[in-house]
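A.B. asks: Predicted model, plus sequence, below.
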Protein chains: 2
Amino acid sequence: MADRLLCETDMEFQLFDWLGLEDRLSSCDLDGETARAYLGLSQKLASDQFLPHYKASDVREPRLDNGSVYVLPEIRRALDEYRDLGLFGASFPEDLGGMGMPYLLSSASYAWFAAANCSSIGYTMLTGANARLIAEFASPSQVDTFAKPQIEGRWFGTMCLSEPQAGSGLADVRTRAVADGVDAHGNRFRVSGSKMWISGGDQDISENIVHLVLAKVPNASGDLPIGTEGISLFIVPKVLPNGDINDVAVAGLNHKMGNRGTSNCLLNFGEVDGAIGWMVGEPGQGLRQMFMMMNEARIAVGFGAAALACRGYLLAVDYARDRLQGRAAGERDGPPVAIIEHTDVRRMLLAMRAYAEGSMGLCLYSAALVDSPDDPDDAALLELLTPVAKTFPSEYGPKANDLAIQIHGGYGYTRDFDVEQLYRDNRLNPIHEGTTGIQALDLLGRKILRDGRGLEVLYARMSQTCAKADQIGELSGDADALRAAIAQVQATIDALRNHAKDQQMNNAAQFQTAFGLVVVAWIWLDQAVAVHALPHGGPMNDRLRAGKTKTCRFFFASDLPIAAPLLAQVASGCDVARAAEPDNF
Amino acid sequence: MADRLLCETDMEFQLFDWLGLEDRLSSCDLDGETARAYLGLSQKLASDQFLPHYKASDVREPRLDNGSVYVLPEIRRALDEYRDLGLFGASFPEDLGGMGMPYLLSSASYAWFAAANCSSIGYTMLTGANARLIAEFASPSQVDTFAKPQIEGRWFGTMCLSEPQAGSGLADVRTRAVADGVDAHGNRFRVSGSKMWISGGDQDISENIVHLVLAKVPNASGDLPIGTEGISLFIVPKVLPNGDINDVAVAGLNHKMGNRGTSNCLLNFGEVDGAIGWMVGEPGQGLRQMFMMMNEARIAVGFGAAALACRGYLLAVDYARDRLQGRAAGERDGPPVAIIEHTDVRRMLLAMRAYAEGSMGLCLYSAALVDSPDDPDDAALLELLTPVAKTFPSEYGPKANDLAIQIHGGYGYTRDFDVEQLYRDNRLNPIHEGTTGIQALDLLGRKILRDGRGLEVLYARMSQTCAKADQIGELSGDADALRAAIAQVQATIDALRNHAKDQQMNNAAQFQTAFGLVVVAWIWLDQAVAVHALPHGGPMNDRLRAGKTKTCRFFFASDLPIAAPLLAQVASGCDVARAAEPDNF
């Protein structure tokens, strides 16, 4: 049997039956047939060109030789084919040379590739985010020069935010940009400083690399402004438009636990005379510009985590069907049975499916919201769900991958099976694009306590789901459980509002975990409702209905109930972590 | 600052103040000074000889060359020194050439080494278990020939249980042993079959390797007996007493995600004329003999997992003190603060300490029970706690290591820091010596539903702890919480007894998780009581008291409450996993 990347039936169900993709296509002159062809092409290319070097890209890491980074040749070949098919431009508007696909659809395509080889497809994700940022905020000449070659896939892009001394704390960025006149590409600067954790910071795949660099412009006395307000955004290409090599040096490669196919560099800008860069938009807007794109980048991390979880789940299902071990419960003699017959293996498979497909559902739902920026409800809900779509898959995806190892037993702990690499690869996701802790502050502080509009929309949609589930006998109990969980979430938020301001974030992490469980319970219930609406009788639909319904049941029985004690801790204002002192450790 | 392996203050507290090690030594003619000297020596040797090659043993794995396995030379040098100091024999009786240390003390020594380099010290753990099994069940001549050289550390040992087709399901062992006469070493057999996952299966460290092999003796018609009753235990040395090389071939090396310094082999016994082996004790007793030693092996796994968690915790504390990032809550200007000032970092450190030191406490407590086999209460409690001492550290230790990565941010995901290796190394522990799922069946099925004596003892000791905690103001609330949790455990067991027999194990995994949380909550409360009894005023004691008390508080606030919904699920008899069908996946 060919190695499955994602469950085709489930992706078809989620996109077309659950989220109604076909209806969403009419606004962009596409039809279901085109969408399916695009997804089919993605699945095939992912299987044929990306999956085969999954292991090789882990073993033969990018290497730094005489200042240049070289990656596994198979990565280049796969991305060449991706480019030749025009896939870099899939979600860009046609006037920029793209195909005008909705984000929901291009995200689903991305999920297929991420399941096959997350580190190889990573280059396209960064390139797309870079080009989108330029297309949104830069001048027409900057768009022509620096975004279009990326949309064509000839150039790749990076995001240069972190510095060795400043990871999550961007206020402390020390990279400086000194004005150097004006030219055809806008306000020119000389950029100098070190940028850390730059994925795709160098490689031998694309003709050029466009670095988007956060830096500060010193004031008259040469000091950098304090805080994040002084941060601006600069386009700093590896090769300048005139063909000269810019002053950007690879100071080192990071050697990671996983995700190794994506080169990850320490870049030194301006070691000689200052790297030439052009400011994007106005001074001091760098962080705002970057964060305008952050929703998509964070959802993309969620998709990656979900895809790795889904592939691990499918590998575990196949292994559990094949591997013979032990006897059926209560039996002593007779031949050994496939381990899928054992209750605890089924428990693990149900948990994996719940985390993997629940994560995928949450990300797809969020991606659909990205496509309707003019709907104020959708926009508010997207703001609220973004940290959840980033964090739940990043935290529960690795749990699914952990269970995939467990189902494989000792074999799962060896490098002969992909499940151990999936586990290592997925461990990146709680770290990059804002750690889990940062997301929790964003969720509770900014998206809930400061502005509750998204929450109102969420409650309304959850209520609609519950009302539909009430009509379906086997789902009505879960609808009641979801309503109770929503009530507890709201009571917890009410309690927090009565706490002192400096105590409200005491247990933001626990709140985020609980909130994620409630949101994903809703996603599952909503999918269970949708799967019941499918025509009965077809073997495919009946099997999907049974599987989805039981997984939903499992999540409500095993995972959602964990939210209650977590929310109780948040509501109590428990300050044991906040009040701990460095000396207590 | 030198790299810390375990917290010295905590180990001193747990062993001497909490568990009263000094009193336990009188029965074996040792005193506290000797014990401390032995522990100090262990700590020093671990730091000087085992820690320095921790990374190297991960990078330069054992290699198979022309049928022989070669390991990193530093592993051999470290183990040579360990042997020269007589440490292989530490816990063996003096008449066998050992030092007669109690298991509690030798386990604490083991923990220091496991924290420094779990895969290098792994060879000694296997060797000790092998020699102990021979010493317990084999004939005097077998003990002289095969156990004593291991107690001296000249020969190493292995445990050969699993086969490629039979991991957890030992009933399906196919290795056969055919009678081949009697000689000075007892009943001789010719052994043939393949054994998988053999740690230390070959290496170039010791003069000889003693394999303890589970195999079946065919009946008159040449068939192997069905089930586990037909399994016998055989001593199969790599080099025979006459100096001939035995018929044992290394068919392959497994390449693991972590724990790489311990070679792990597929061994083929008897490819030529049958490997020569001698039966230990009576036919058909193999599994019983193996399981008599299993308590110690499982607790040793717990110790390894706890030690890795402890080291990760200390690395994270040091990193969190040094790493500057962000501002104190509510501040905008001023210099960046150490990340230990952030509430969410403190939350992670508290969780890590709770899991790491709680695991260590559980293992030390269990090891102390091993030392009093004649006390029926202790013996019953040991039976009950063994699966918990194996599983809680194996499941929560990796969680602590996961948080250690998270505290290190991107740096933690690189191989430049040890935390990623600790995470990979610890992932083995839920798999070997009985998976987490197997432990859950043992705990709930065998140790609780079949024979509740251990539980009675546990309840009595928990009640004593609660009664003492009632007298200490800041602990009395946690005593109430523990009593409530105990009541829910008992109510859950009562409910299970009313379920149909074939439904009782439906949620054994969830029960085990909940039970582990309740047990470790008790360990924490008992340590909090003990730390309050220390003389007040000394800065060391005051700091220990504050740290222990807050960590206990954290575990009761954040982790123990998770037990309630899990137990509710168990009590409900939820059969969603059991009733799932292969077709649902």
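C.D. replies: Arrived safely. Residues are numbered from 1 along each chain as shown, chains lettered A, B, ... in the order given.
A.B. asks: can we go C-alpha only for contacts and neighbour counts from here?
C.D. replies: OK.
A.B. asks: Excluding covalently adjacent residues, which one is nearest to whichever residue of the stretch 51-200 of chain A sits closest to chain B?
C.D. replies: As assessed by C-alpha to the nearest C-alpha, chain B sits closest to A:G169 within the stretch 51-200 of chain A, at 4.9 Å. Sequence neighbours aside, B:G326 is the residue nearest to A:G169 in space, at 4.9 Å (criterion: C-alpha to C-alpha, 6 or more residues apart in numbering or on different chains).
A.B. asks: what are the ranges of the helices in the stretch 451-585 of chain A?
C.D. replies: Per DSSP state H, counting those that start in this stretch, the stretch 451-585 of chain A carries helices over the ranges A:453-470, A:473-497, A:508-532, A:539-558, A:563-572.
A.B. asks: Return the most buried member of those helices.
C.D. replies: The highest mean neighbour count among the helices of the stretch 451-585 of chain A, using mean count of other C-alpha atoms under 10 Å in any protein chain shown, belongs to helix A:508-532: a mean of 24.
A.B. asks: circling back to that earlier point, surely the residue nearest to A:G169 and A:G167 touch.
C.D. replies: No: under the criterion of C-alpha atoms under 8 Å, B:G326 lies out of contact with A:G167, with a separation of 9.1 Å.
A.B. asks: Least confident secondary structure element in chain A?
C.D. replies: Among the helical and strand segments of chain A, the one scoring lowest on mean pLDDT, DSSP states H and E is helix A:286-292, with a mean of 90.
A.B. asks: Residues contacting that one, please?
C.D. replies: Contact partners of helix A:286-292, identified using C-alpha atoms under 8 Å, 6 or more residues apart in numbering or on different chains, comprise A:L133, A:F137, A:L214, A:T228, A:E229, A:I231, A:S232, A:L233, A:V280.
A.B. asks: Count the neighbours of the first one for me.
C.D. replies: Using other C-alpha atoms under 10 Å in any protein chain shown, A:L133 is surrounded by 21 other residues.
A.B. asks: residues in contact with whatever residue of the stretch 301-450 of chain A ends up closest to chain B?
C.D. replies: For the stretch 301-450 of chain A, the residue positioned closest to chain B under C-alpha to the nearest C-alpha is A:T414, at a distance of 4.1 Å. A:T414 is in contact with A:E420, B:N254, B:H255, B:K256, B:M257, counting by C-alpha under 8 Å, 6+ apart.
A.B. asks: What values do phi and psi take at the closest residue to chain B within the stretch 151-300 of chain A?
C.D. replies: The shortest separation between the stretch 151-300 of chain A and chain B is 4.1 Å, found at A:K256 (distances taken as C-alpha to the nearest C-alpha). A:K256 adopts backbone torsions of phi -100, psi 160, taken as degrees, to the nearest 10.
A.B. asks: Spatially, what comes nearest to it if we skip its sequence neighbours?
C.D. replies: For A:K256, ignoring the flanking residues on the chain, the nearest one in space by C-alpha to C-alpha, 6+ apart is B:T414 at 4.1 Å.
A.B. asks: Looking at per-residue confidence, what score does that neighbour get?
C.D. replies: Here the pLDDT value assigned to B:T414 is 97.
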